[in-house]
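**Student:** with the sequence up front, the predicted model follows.
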Amino acid sequence: MKAARPKLSLAALVLAGMAAFALAGHFAATRFIHDQQARQLDELTEVVLRRSEFAVDFATASLDELAGRGLATCDPASLQAIRLHVYQRSAVKDVRLVNSDGSVICSAYSETLEFDKGWVDRADMLASHDSTLMLFRVEQFGGDALGVLRDIDGKKALVAILGINSSLFDIMPAELRAHGEVLLALKNGAQLGEFMLDADKALAHPVDFEKSSARYPLRTVIRIDKTVLSTWNSEAYWPAMAVSLALGALFGLLLSRTRRIEGPVADLDRALVRGEFKPYFQPIFDLRTGEIRGCEILARWLREDGSVVPPMNFIPLAESSGRIEAMTWQLLGRALADLQPHLKADKDFKLSFNVVPKHILSAGFVETLRSTVAAARVSARQIVVEVTERDELDDLARAAAVVSELRDYGFRVAIDDVGVGHSGLSRLKGLGANMIKIDKFFVDTITMDASTTTIVEMLVALARDFHMTVVAEGVETEEQVRALISCGVEEGQGYLVAAPLPFAKFSELLEKRNLAASACAAQDVELVA
């Protein structure tokens with residue numbers, strides 16, 4: 001059953017990812033297709049408008065040519081020349097000479113006047129960007145036409161009658177021709193032309209795409225039935241959905257493996273909640289007598305399955321992720337609860353714990369330490385705060401102030417990892433600590449390297465000058481003990497006496513040592529007697 005749960009969880013994450021991406025893909029693909037359709041229809045509307053503008057440009061050029069040739073008259077020769085001009089330009093149906101008010105004077109093809117249903121005054125014509133050019137609708141029995149008026153002088157003007165050809169509007173894609181219409185109109189709403197495959201069929205849900213000319217009072221509209229847009233140019237939908245589903249599946253797989261990426265930090269948080277970090281106790285002993293004078297608590301991670309995680313596998317991550325502070329207070333509280341009876345029985349016994357520089361400089365450190373120790377009903381002078389040298393103290397003056405405050409309350413402060421960390425002469429002096437702890441690196445080589453002996457002797461002399469005590473870390477052999485004693489070191493810590501132990505075994509070690517010490521004391525009394 002337990003083996004099946006990860007598979008079910010994986011399947012659920014994959015399905016959830018696919019569902020989420022499918023939904024997002026649907027909206028994204030629909031939006032993309034809609035935007036693409038709108039862009040294409042806008043472009044088609046623009047095409048109709050440009051064609052219409054070109055027709056007006058063509059009519060204007062024709063009128064300018066006629067005026068330039070001096071043909072703006074009604075004499076037979078001029079009219080004959082104008083008729084030839086119109087004949088050569090199929091888009092122009094007629095050219096007329098009009099008064100300044102727009103009334104017709106004469107026409108190249110006078111018979112076309114019979115097809116007009118009406119004629120507008122100049123006041124009803126629409127001005128273009130060029131003030132000498134006017135546009136208006138010419139209503140005729142055979143269909144509407146576009147009138148283009150060009151002023152010649154203050155009294156007369158030439159007008160070109162442009163036929164509105166359906167080819168101007170037949171630009172719709174095959175899929176849309178039966179479901180849309182194209183309109184050309186003036187800006188006053190007068191319709192000039194229309195293309196619709198089935199003129200009797202009304203659009204159920206029309207959607208308009210509109211463009212207006214900046215030069216002429218022209219407006220083009222493409223009107224499409226909205227329902228047909230759901231299938232037009234939608235080929236990209238299903239490929240997009242397939243990609244979305246694939247991405248969703250991939251996202252689900254990555255999400256299921258997030259634990260591996262973020263797992264260590266998440267595991268630290270869960271372990272803190274469950275109280276899986278336990279203090280292990282390593283004795284600090286007198287190098288000459290072997291008497292245990294205190295201990296340092298070191299973190300061990302006891303998982304639910306009983307396995308023990310060594311500190312190097314989680315302490316660096318706890319420091320970098322900011323979990324080290326919560327872990328430190330949890331370990332100290334547990335250690336004080338375990339060791340409280342012995343601390344009360346032996347007032348000279350010291351309990352040491354490690355603090356990174358960032359922690360000791362954090363707001364409320366001293367107050368939290370005082371309240372934690374007071375809650376355990378333990379004397380502050382029995383607690384040693386070891387500031388690790390692995391990280392540099394950014395603000396020595398502030399750190400010295402914190403150390404001074406700790407010492408005022410009775411706490412002792414030690415500098416850990418001396419010799420291999422960031423300590424220097426000014427730091428050892430300026431911090432105002434009570435104790436230095438010589439790193440294991442020097443203890444390992446003290447019996448083999450004369451320079452190491454010299455360094456240790458210098459550290460001991462320095463400590464004495466600053467009224468500090470010295471503890472050597474990592475003591476493993478009797479030969480090292482003798483070398484350290486000869487250098488003036490009084491206390492040590494290491495596997496020679498014991499490795500870091502869980503409290504039960506540490507308590508047994510203390511009891512054995514106490515019994516042995518009592519027996520020796522009794523024996524000495526008997527010998528004296």
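**Tutor:** Yes, it's here.
**Student:** packing partners for the strand or helix carrying Val403?
**Tutor:** Using DSSP states H and E, Val403 sits within helix 396-408. Secondary-structure packing of helix 396-408 (3 or more C-beta pairs under 8 Å, 6 or more residues apart in numbering; DSSP states H and E): helix 357-360, helix 365-375, strand 383-387, strand 412-418, helix 425-431. For the C-beta atoms, the positions are set from N, CA and C on the backbone; glycine is no exception.
**Student:** tabulate the ones you listed (CSV), appending distance to Leu331.
**Tutor:** Output for the helices and strands packed on helix 396-408, formatted as CSV (distance: least, C-beta to C-beta, whole Å):
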stretch, distance to Leu331
helix 357-360, 12
helix 365-375, 11
strand 383-387, 13
strand 412-418, 15
helix 425-431, 23
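**Student:** let's have the ones you listed in CSV, adding mean neighbour count, distance to Leu510 and mean pLDDT.
**Tutor:** Output for the helices and strands packed on helix 396-408, formatted as CSV (neighbours: other C-beta atoms under 10 Å; distance: least, C-beta to C-beta, whole Å; pLDDT from 0 to 100):
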stretch, mean neighbour count, distance to Leu510, mean pLDDT
helix 357-360, 19, 29, 90
helix 365-375, 16, 20, 95
strand 383-387, 24, 17, 94
strand 412-418, 23, 20, 87
helix 425-431, 15, 31, 67
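**Student:** so which of the ones you listed gets nearest Leu135?
**Tutor:** helix 357-360 (79.2 Å; C-beta to C-beta).
**Student:** show me where the stretch 201-350 of the chain has its strands.
**Tutor:** With DSSP state E, counting those that start in this stretch, the ranges of strands along the stretch 201-350 of the chain come out as 206-212, 218-225, 277-286, 292-302, 308-309, 350-355.
**Student:** which stretch among those comes nearest Gly193?
**Tutor:** Closest among those, using C-beta to C-beta: strand 218-225, at 9.7 Å.
**Student:** that closest one pairs with which strands, and in what direction?
**Tutor:** Partners of strand 218-225 in the sheet, by DSSP bridges, are strand 180-186 (antiparallel), strand 206-212 (antiparallel).
**Student:** any idea which of those is most buried?
**Tutor:** Across the strands paired with strand 218-225, the average number of neighbours (mean count of other C-beta atoms under 10 Å) peaks for strand 180-186, which reaches a mean of 22.
**Student:** next one: that one to chain centre, how far?
**Tutor:** Distance, stretch centre to chain centre, for strand 180-186: 48 Å (C-alpha atoms, centre = their mean, to the nearest Å).
**Student:** residues making contact with it?
**Tutor:** Contacts to strand 180-186, defined as C-beta atoms under 8 Å, 6 or more residues apart in numbering, come from residues 48, 52, 126, 135-137, 164, 168-172, 191-196, 203, 217-225, 228.
**Student:** state the mean pLDDT of it.
**Tutor:** Averaging pLDDT along strand 180-186 gives 88.
**Student:** how about stretch 89-101?
**Tutor:** 88.
**Student:** what residues of it count as buried?
**Tutor:** Arg89, Ala91, Val92, Lys93, Asp94, Val95, Arg96, Leu97, Val98 (16 or more other C-beta atoms under 10 Å).
**Student:** reformat the strands of the stretch 201-350 of the chain as TSV; add distance to Arg150 and mean pLDDT.
**Tutor:** TSV is the format used below for these (distance: least, C-beta to C-beta, whole Å; pLDDT from 0 to 100):
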stretch	distance to Arg150	mean pLDDT
strand 206-212	22	89
strand 218-225	16	89
strand 277-286	94	95
strand 292-302	94	94
strand 308-309	94	87
strand 350-355	94	95
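**Student:** looking at these, which is closest to Ala160?
**Tutor:** Distance to Ala160, taken as C-beta to C-beta, is lowest for strand 218-225 among the strands of the stretch 201-350 of the chain, at 15.0 Å.
**Student:** ok, and what's touching that closest one?
**Tutor:** Contacts for strand 218-225 (C-beta under 8 Å, 6+ apart): 41, 44-45, 48-49, 52-53, 56, 135, 172, 176, 179-187, 203-213.
**Student:** ok, 6 Å please
**Tutor:** Among residues not part of strand 218-225, those counted as contacts by C-beta atoms under 6 Å, 6 or more residues apart in numbering are 41, 44-45, 48-49, 52, 179-185, 187, 203-212.
**Student:** if we can go back for a sec, of all the helices and strands packed on helix 396-408, which one is nearest Ile455?
**Tutor:** It's strand 412-418; of the helices and strands packed on helix 396-408, that one is closest to Ile455 (C-beta to C-beta) at 10.2 Å.
**Student:** so how far is the closest one from its chain's centroid?
**Tutor:** Its chain's C-alpha centre and that of strand 412-418 lie 41 Å apart, by C-alpha atoms, centre = their mean.
**Student:** report all helices and strands that it contacts.
**Tutor:** Using 3 or more C-beta pairs under 6 Å, 6 or more residues apart in numbering; DSSP states H and E, the elements in contact with strand 412-418 are strand 383-387, strand 435-438.
**Student:** adjacent strands (with direction) for the last one?
**Tutor:** Taking DSSP bridges as the criterion, strand 435-438 sits next to strand 412-418 (parallel), strand 469-473 (parallel) in its sheet.
**Student:** picking that back up, what residues sit buried inside the helix holding Val403?
**Tutor:** Ala399, Ala400, Val402, Val403, Leu406, Arg407.
**Student:** any idea how far Phe349 is from the fourth one?
**Tutor:** With the distance defined as C-beta to C-beta, to the nearest Å, Val403 ends up 22 Å from Phe349.
**Student:** follow-up on the earlier one: in JSON lines: the helices and strands packed on strand 412-418, plus distance to Ala504.
**Tutor:** Listed next are the helices and strands packed on strand 412-418 as JSON lines, based on distance: least, C-beta to C-beta, whole Å:
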{"stretch": "strand 383-387", "distance to Ala504": "22"}
{"stretch": "strand 435-438", "distance to Ala504": "26"}
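**Student:** out of those strands, flag the one nearest Asp116.
**Tutor:** The nearest among the helices and strands packed on strand 412-418, by C-beta to C-beta, is strand 383-387 at 104.4 Å.
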